[in-house]
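In: Structure, please.
(2 chains)
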Number of protein chains: 2
Amino acid sequence: MTRERVYLYDTTLRDGAQTAGVDFTLQDKIVVAEMLDRLGVDYVEGGYPGANPTDTEFFSEHRTKRAVFTAFGMTKRAGRSAANDPGLQGVLQAKAAACCFVAKAWDFHVSNALGISLDENLVQIRETVKAAVEAGREALVDCEHFFDGFKANPRYALDCARAAFEAGARWVVLCDTNGGTTPDEIAAIVEKASAVVPGGNLGVHAHDDMGLAVANSLAAVMSGARQIQGALNGLGERCGNANLTTLIPTLKLKPEFAEQFEIGVDDEALSGLSQLSRSFDELLNRTSDRYAPYVGANAFATKAGIHASAILKDPRTYEHVRPESVGNRRRLLISDQGGKSNLLSELARIGLEVDKDDPRLNALLAMVKEREAQGYAYEGAEASFALLARRALGRVPDFFTVESFRVMVERRHNAHGELVTMSEAVVKVIVDGQPLITAAEGIGPVNALDVALRKDLGRYQPFIADLRLSDYKVRILNGGTEAVTRVLVESTDGDESWTTVGVSPNIIEASFEALVDSVAYKLLKAGASPP
Amino acid sequence: MTRERVYLYDTTLRDGAQTAGVDFTLQDKIVVAEMLDRLGVDYVEGGYPGANPTDTEFFSEHRTKRAVFTAFGMTKRAGRSAANDPGLQGVLQAKAAACCFVAKAWDFHVSNALGISLDENLVQIRETVKAAVEAGREALVDCEHFFDGFKANPRYALDCARAAFEAGARWVVLCDTNGGTTPDEIAAIVEKASAVVPGGNLGVHAHDDMGLAVANSLAAVMSGARQIQGALNGLGERCGNANLTTLIPTLKLKPEFAEQFEIGVDDEALSGLSQLSRSFDELLNRTSDRYAPYVGANAFATKAGIHASAILKDPRTYEHVRPESVGNRRRLLISDQGGKSNLLSELARIGLEVDKDDPRLNALLAMVKEREAQGYAYEGAEASFALLARRALGRVPDFFTVESFRVMVERRHNAHGELVTMSEAVVKVIVDGQPLITAAEGIGPVNALDVALRKDLGRYQPFIADLRLSDYKVRILNGGTEAVTRVLVESTDGDESWTTVGVSPNIIEASFEALVDSVAYKLLKAGASPP
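Out: Residues are numbered from 1 along each chain as shown, chains lettered A, B, ... in the order given. Reported below is the predicted structural model:
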């Protein structure tokens, strides 16, 4: 049986940018577009060129290889031609393969918000779509408030959809803009809309204001729509858009969908989904939702003892899909035995074969638990874990010792009367019994410490010549005055990247700890001989 | 038209206690039971008496006034009578008005996990229910894996439901234990079950492993079930149970449900729902989900400029229900996504009436956009926004000027040979033309700067006596060596909390900027007179 293609349209970078607390920089947008492209979504909506400097700059280049790179905009204004509407022209001139225009489809909005006649609105939809098609773009129309509009005036809502389709729109997207529509209503209204626009040209754009965005998207597909608009980790205005991170596994793994429909995400990309979801939260510096369907750290976590023993007998008893299929893993929260097996498999992964009855294993497990309670997080800092494990097993040399460090940040007026801020660090290390003292300036205190630490490590210097810091993340744990700071430092030598962690009430000390671990890891990796 | 009653069964204290990371103390359980009772749920499932000391103790007294206080347990074991099963007797002797027993309804589980015959399982269900009824308890049976069981062996799943009902169970609850069933399947299977047990005696227990627990609960009600099991804030094993905090407003406020069904939660309790949801997270010491439907801080937050101006004209344009109905509030966010309307409403909220044609408004909007492009984020830093706006409108005094600051962090061996890290700051400010210089030590560099800055502000000192830093957040934008650091500082004076922002490539400078804004905001708020 041939399966029908369902298209995924990602709006993380547009509707997702309207999430309270989320601000994408240009660099963020570039990284996210690449993530989405690798994942295999069909469309990446990058933003609204002309609306703000970031989006305009983002659309100065084509940012995807596989996905259709799409610019968002509004239909042209009343009272001027498409050619004379600077907003519309901004969207059409953006480097994009498709343009998605939001159009009003609720008569109340046309009269009240736009203040134009119902017919004028239809004219605008048609002329905007035609202008996009003439400019060589694939055209999409987001029918805003389609479902609310349909309930108020079904004929007019359908007129809007028809106008968009007849003017040449590839997709007519029915939007539940306020998120107040139920799956039954979605199903019934999509069915009626498909009498006007074929289902193969209908899309759905659902919001989660009733916790129903995923259900509504699935209901629309079951009623004939073939495009789903959604966002990574459910970003989007208010409660968010339909969560693609939830929808993709359901469409791929649940027979009632997978047997009927096909999407552009392959099994390999699916198996990277949990990682992608967490990397995206890292980029946003948000805590990942541990309870998120499929990809959350607890999505396959079992606390109840009876469930855990049943799962060990047969995973199907309490798992609706295989955790590995979405790159997640099973967690049995009760057993120490489980903890030890995890540890053994992690040690084997970094090349340390340890007998399961080795007493140092219990010591290491206890140390990991204690340090995680202090705020360390080894799941994201594998290089620090490798050092910790080797130290516990007595297999890591102390290449060098830090005797002391000092860092100063000063803001003052310089000789020209300008306010300047400078950062200066001094680091003293002992290598082979010899003290080495170095000083350096930096953009900030951590940069100054990093430069000073790597300036002179004696005979180790050649091993660290290619080492550089590639990312730096700070998280305050607990908040308030008793806060502890966790710093993650990502380093690279061009070949490989690794992450180290430092924890302290003092942010500088935490940062320095992570920097020292990074240098030690590089020396270990490079096979430097110990003192 | 008479509406049919739908009963809410809360399992926060039982299935919710299986949430990874959640541990209720006895006191917690007492507080939560009171919250639920006031809210108006019909049943409070308090736990599993006999399974652990907390639950046993919790059931030593009746803990609810209005709701049916319910003990959870398993059906009796095979091979012994109800009277001789200590587990069952523990449940029956608990101080509860109802008992809910979990029973296997999937033939595969009966044979594999229980290792008994299919008929023996039916006998256990019947005898357990009878024992509860004889003990004067209302009896409920949770048919575990009912939907998966039905798909595997429909006749046997229905036999289990029938056995429970015929033995006298008030409710037969169909559980989607693994959370892998879709709303369409739920609807079809509930309909079939209601041929065996009347809908008025059927309940549904859904899990959120596909993000469909709320939709599945609603689908079951639409197909005839009249009890919904769920939990506050969607607690529960793995991804959680159906979220009652989402379901209650939908059942109360959406006409397609409210016109047909009635629940025990009244309008007043509904208007306290946002507060209840946040208090519950406070009790659990978790961060509230800001994006939660209805009750999240962002559930009615609008960032897009065009939406904001429409909302100000008529809230129905972008709000599916009134935020006040669930005790939430509308927020129009200031950001580069927003327009003049967001800005005007925010200015009005902080007491600045500005004419919408005032040219300074455009200047302020441009400034906000430019600073957000640099990395500032005003939607989370309302105090810094208030200062920026007042400065742009020429209405904020420069209370003091910072002439210079210096901060040093040093790690070295102290006189006892111990490694210690100390942080010291010096700050020089000008107040009324007079230089004031202060020094302080701190836990870290930011703490030292904070203490030094607030140590001596001359005649302003009394105004800032009660000021203290309550939270500190850091985000690195862009990553790598050209990174910019954004710092958010939350301060409080006991009465009020406010947040300020600082941005710089230097983390210390960014922190100091936010600290200075916090002091200025406090002086403004306290009505300190300018120089």
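In: which element is residue A:69 on?
Out: Using DSSP states H and E, residue A:69 sits in strand A:68-74.
In: scratch that, residue A:247 is what I was asking about
Out: Under DSSP H and E, the secondary-structure element containing residue A:247 is helix A:244-253.
In: if you average pLDDT over that helix, what comes out?
Out: When pLDDT is averaged along helix A:244-253, the result is 98.
In: chain center to the helix or strand that comes right after the strand holding residue A:69, what's the gap?
Out: Using DSSP H and E, the helix or strand that follows strand A:68-74 towards the C-terminus is helix A:86-93. Computed by Cα atoms, centre = their mean, to the nearest Å, the chain-centroid distance of helix A:86-93 equals 29 Å.
In: any idea of the mean pLDDT for helix A:86-93?
Out: Mean pLDDT, computed over helix A:86-93, is 94.
In: go on, stretch A:293-310?
Out: Mean pLDDT, computed over stretch A:293-310, is 79.
In: Need the nearest residue in space to the residue positioned nearest the centre of chain A, chain neighbours excluded.
Out: When chain A is reduced to its mean C-alpha position, the closest residue under Cα atoms, centre = their mean turns out to be residue A:280, at 1.8 Å. Beyond its immediate neighbours in the sequence, the residue positioned closest to residue A:280 (Cβ to Cβ, 6 or more residues apart in numbering or on different chains) is residue A:232, lying 5.2 Å away. Bear in mind the C-beta positions are built from the backbone N, C-alpha and C, glycine included.
In: how about the one you found, what does it touch?
Out: A:10, A:12, A:16, A:32, A:35, A:36, A:243, A:244, A:245, A:276, A:277, A:280 (Cβ atoms under 8 Å, 6 or more residues apart in numbering or on different chains).
In: Could you tell me the model confidence score at the residue nearest to residue A:209 when sequence neighbours are not counted?
Out: Closest residue in space to residue A:209, ignoring its immediate chain neighbours: residue A:179 at 3.0 Å, by Cβ to Cβ, 6+ apart. pLDDT, residue A:179: 97.
In: Confirm that residue A:179 sits in a strand.
Out: No: when DSSP: H, G, I helix; E, B strand; the rest coil is applied, residue A:179 is found to be coil, with no strand at that position.
In: gap between it and residue B:318?
Out: Distance of residue A:179 to residue B:318, computed by Cβ to Cβ, to the nearest Å: 10 Å.
In: out of the two, which sits in the busier spot?
Out: Comparing residue A:179 with residue B:318 by other Cβ atoms under 10 Å in any protein chain shown, the one with more neighbours is residue A:179, at 28 against 24.
In: and the residue nearest to residue A:280, backbone torsions?
Out: Reported as degrees, to the nearest 10, the phi and psi values for residue A:232 are phi -60, psi 140.
In: how deep is the residue of the stretch 51-200 of chain A at minimum distance from chain B tucked in, by neighbour count?
Out: Across the stretch 51-200 of chain A, no residue is closer to chain B than residue A:180, which sits at 2.8 Å (Cβ to the nearest Cβ). The burial metric for residue A:180, expressed as a neighbour count using other Cβ under 10 Å, is 22.
In: doesn't residue A:206 make contact with it?
Out: No: using Cβ atoms under 8 Å, residue A:180 makes no contact with residue A:206, being 10.6 Å away.
In: quick one: the residue nearest to the centre of chain A and residue B:415, what's the gap?
Out: With distances taken as Cβ to Cβ, residue A:280 is found 50 Å from residue B:415.
In: Just read off the phi/psi values of residue A:67.
Out: The phi and psi torsions at residue A:67 (degrees, to the nearest 10) take the values phi -70, psi 150.
In: now swap in the one 10 residues further on and tell me
Out: The phi/psi pair for residue A:77 (degrees, to the nearest 10) reads phi -80, psi 160.
In: likewise residue A:428?
Out: Here is the backbone geometry of residue A:428 (degrees, to the nearest 10): phi -120, psi 120.
In: Quick check: it vs chain B, distance?
Out: As for residue A:428, its distance to chain B is 9 Å (criterion: Cβ to the nearest Cβ, to the nearest Å).
In: Tell me what the spatially closest residue to residue A:381 that is not a sequence neighbour is bridged to.
Out: Setting aside the residues directly before and after it, residue A:381 is nearest to residue A:501 in space (Cβ to Cβ, 6+ apart), at 3.7 Å. Residues in a beta bridge with residue A:501, per DSSP bridges, are residue A:488.
In: Am I right that residue A:501 is in contact with residue A:511?
Out: No: when contacts are counted by Cβ under 8 Å, residue A:501 is not listed as touching residue A:511 (10.5 Å).
In: before we move on, the earlier item: let me know the next secondary structure element after the helix holding residue A:247.
Out: Using DSSP H and E, the helix or strand that follows helix A:244-253 in sequence is helix A:255-258.
In: Using PDB, list the CA coordinates for that following helix.
Out: What follows is helix A:255-258 as a C-alpha-only set of coordinates in PDB (Å, rounded to 0.1, in the frame of the first residue of the first chain):
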ATOM      1  CA  PRO A 255       1.100   2.000  13.200                       C
ATOM      2  CA  GLU A 256      -2.200   3.900  12.800                       C
ATOM      3  CA  PHE A 257      -0.200   6.800  11.300                       C
ATOM      4  CA  ALA A 258       3.000   5.100  10.000                       C
END
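In: so what strands line up beside the helix or strand just after it?
Out: Past helix A:255-258, heading to the C-terminal end, the next element that is a helix or strand (DSSP H and E) is strand A:261-262. Here strand A:261-262 has these sheet partners by DSSP bridges: strand A:4-5 (parallel).
In: now whichever helix or strand comes after the strand it pairs with: mean pLDDT?
Out: Downstream of strand A:4-5, the first helix or strand assigned by DSSP H and E is strand A:7-10. The pLDDT scores in strand A:7-10 average 98.
In: what's the helix or strand just after strand A:7-10 in contact with?
Out: Helices and strands here follow DSSP H and E; after strand A:7-10, the next one along the chain is helix A:26-39. Outside helix A:26-39, the residues within contact range by Cβ under 8 Å, 6+ apart are A:10, A:12-13, A:24, A:44, A:46-47, A:54, A:57-58, A:63-67, A:69, A:232, A:248, A:265, A:269, A:272-273, A:276, A:279-280, A:283-284, B:478-479.
In: And stretch A:424-442, by the same measure?
Out: The set of residues external to stretch A:424-442 that reach it, using Cβ under 8 Å, 6+ apart, is A:399-408, A:410, A:422-423, A:445, A:448-453, A:455-460, A:531.
In: ok, residue A:367 - how many residues close by?
Out: Per other Cβ under 10 Å, the neighbour tally for residue A:367 reads 15.
In: so what pLDDT did it get?
Out: 83.
In: Any part of stretch A:86-102 near chain B?
Out: No: no part of stretch A:86-102 sits near chain B under the criterion Cβ under 8 Å from any Cβ of the partner chain; the closest distance found is 8.9 Å.
In: end to end, how far does that stretch reach?
Out: End-to-end distance for stretch A:86-102, by Cα to Cα, to the nearest Å: 16 Å.
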